[in-house]
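Asks: one predicted model, sequence on top.
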Amino acid sequence: MTPPSPKPSPSGDGAEREEANEIDVGLMLRVREGDYEAFEELVGIHQRSVIGTVAKMLGHPAEAEDIAQQVFLRVWKSASRYEPQAKFTTWLFTITRNLVFNEVRRRQRKPTVSVEEREETTHRTVEDAKSLSPGEELLQAELESAVDRAIEALPEKQRLAVILRRYEEMPYEEIGKILSMSVPAVKSLLFRARAQLKESLQRYLDQ
């Protein structure tokens, strides 16, 4: 896949999100006309998010890039039918949802992968770790691994909702469109997921 381009910060305000979406939609309309350079640019912007989401959904980062390639292949093949009726990321992550849910349902449960393997493809950044002592880094890595395992244990809809909210910082409305749920249903789903995560991580919270 192409090297990732800088992605607009998902934590930006509404104006920044709207500007990012206008860029995405403009590129996708060019893709609809067969512009492969525009497609490569879209892939560069979004592949890290898609790979990270797939990796956390499957609990197997080594296979995440293959599924992400299928996502973007579906984007290319569906381009002629694309209509900008929703945010581009909503459309993109709906495709991601369909493929990753199919994969989750197809496979049997896989063994948990190592912390080292996880770090190759997750959303997590390591800049802040530079200021930690070796002992603190070890504790941080242990906690992050525990969080990953707890997320993997969630039912698939809860898992995807948590990933999109926690790592992609998506608003409830967009998560609802991706999961075909109302905003109150998304909030209820996330409430149950957070309660389960809190229970799973209680020993770390008590420290």
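Replies: Sure thing, it's come through. Residues are numbered from 1 along each chain as shown.
Asks: and the longest helix anywhere in the chain, average pLDDT?
Replies: When the chain is parsed with DSSP state H, its longest helix is helix 36-58. Taken as a whole, helix 36-58 has an average pLDDT of 95.
Asks: I'd like the next helix or strand past it.
Replies: Next helix or strand after helix 36-58 toward the C-terminus (DSSP states H and E): helix 64-78.
Asks: what packs against the helix or strand that comes right after that next one?
Replies: Per DSSP H and E, helix 64-78 leads on to helix 88-106 as the next helix or strand towards the C-terminus. Judged by 3 or more Cβ pairs under 8 Å, 6 or more residues apart in numbering; DSSP states H and E, helix 88-106 is in contact with helix 14-32, helix 36-58, helix 64-78, helix 156-166, helix 172-179. For every residue, glycine as well, the C-beta is placed using N, CA and C.
Asks: can you redo these as CSV with distance to residue 145?
Replies: Shown next, in CSV, are those (distance: least, Cβ to Cβ, whole Å):
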stretch, distance to residue 145
helix 14-32, 31
helix 36-58, 12
helix 64-78, 17
helix 156-166, 16
helix 172-179, 25
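Asks: which of those sits closest to residue 204?
Replies: Comparison of the helices and strands packed on helix 88-106 against residue 204 by Cβ to Cβ identifies helix 156-166 as nearest, at 16.1 Å.
Asks: and the contacts of the closest one?
Replies: 53, 56-57, 93, 97, 100-101, 104-105, 151-152, 154, 170, 172, 174-175, 178-179, 186, 189-190, 192-194, 196-197 (Cβ atoms under 8 Å, 6 or more residues apart in numbering).
Asks: buried ones among those residues?
Replies: Neighbour-count burial (16 or more other Cβ atoms under 10 Å) applied to the contacts of helix 156-166 gives 53, 56-57, 93, 97, 100, 104, 151-152, 154, 170, 172, 174-175, 178-179, 186, 189-190, 193, 196-197.
Asks: shaky segments in this protein?
Replies: 1-13, 108-132, 135, 205-207 (pLDDT under 70).
Asks: ok now do the residue nearest the centre of the chain, which residues does it touch?
Replies: Most central in the chain under Cα atoms, centre = their mean is residue 53, positioned 2.8 Å from the mean C-alpha point. Counting by Cβ under 8 Å, 6+ apart, residue 53 touches 93, 96, 100, 123, 160, 163-164, 167-168.
Asks: looking at the residues you listed, spot the one nearest residue 36.
Replies: residue 96 (21.1 Å).
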